[in-house]
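Visitor: Curious how this folds, go ahead:
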Amino acid sequence: MTQHTDDFLHDCTTVTADGSLVSVDEVEGLYLYWRSLRAADSSGDRVDDSTRDSTDDSVETAAVLDALYARGVEPIQRNGVDYVEGLVLTGPVVADFIVVCDFAGVWGQPELWELAAVQEVVTAS
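Guide: All right, here's what the predicted structure looks like:
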């Protein structure tokens, strides 16, 4: 495992025992986004990563998933979607990834009525 992989896992993930699920697509997308931020030049501009071979991306994201499996995160599939169980995405890069990339994840965009129901549950507790 490279230091690069360790840094990503430290910066962006927390292993849990609560059955949390994160889709593999989310982990891979976050990793690629995190890598693009780290490749930023000193002026703060993102480096053009479009010349990279997509095979390199696949190898690197596979290494991240292998590192997660070694830490006790389990691969699982539900309704045709690949997940990892026992992982939570954490840290400021995650919030930035969601906002900047307009990423809805497998959970989709919440409907207003869902938010109202959450408010009712929160205030009733």
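Visitor: which of the residues in the host helix or strand of H10 are buried?
Guide: Element membership for H10, per DSSP states H and E: helix 3-12. Buried positions in helix 3-12, judged by neighbour count with 16 or more other Cβ atoms under 10 Å: 5, 8-9, 11-12. (Glycine included, C-beta is placed from N, CA and C.)
Visitor: Tell me which helix or strand V27 sits in.
Guide: helix 24-38.
Visitor: CA atoms of the helix holding H10 as CSV?
Guide: Output of helix 3-12 as CSV, limited to C-alpha atoms (Å, rounded to 0.1, in the frame of the first residue of the first chain):
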residue,chain,number,x,y,z
GLN,A,3,1.5,6.5,1.2
HIS,A,4,-0.7,8.1,-1.4
THR,A,5,-3.5,5.5,-0.6
ASP,A,6,-3.0,5.8,3.1
ASP,A,7,-3.3,9.6,2.8
PHE,A,8,-6.6,9.3,0.9
LEU,A,9,-8.0,6.8,3.4
HIS,A,10,-7.0,9.0,6.3
ASP,A,11,-8.3,12.2,4.8
CYS,A,12,-11.6,11.0,3.4
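Visitor: and that helix with helix 24-38, angle?
Guide: Interaxial angle, helix 3-12 versus helix 24-38 (axes from the mean of the first three to the mean of the last three Cα atoms, to 10 degrees): 110 degrees.
Visitor: got a list of contacts for helix 3-12?
Guide: 30-31, 34-35, 63-64, 67-68, 71, 89-91, 93-94 (Cβ atoms under 8 Å, 6 or more residues apart in numbering).
Visitor: repeat that with 7 Å
Guide: Outside of helix 3-12, the residues within contact range by Cβ atoms under 7 Å, 6 or more residues apart in numbering are 30-31, 34, 63-64, 67, 89-91, 93-94.
Visitor: thinking again about what came up before, buried ones in the helix holding V27?
Guide: For helix 24-38, by 16+ other Cβ under 10 Å, it's 24, 26-35.
Visitor: low pLDDT regions in this protein?
Guide: 1-2, 41-57, 102-125 (pLDDT under 70).
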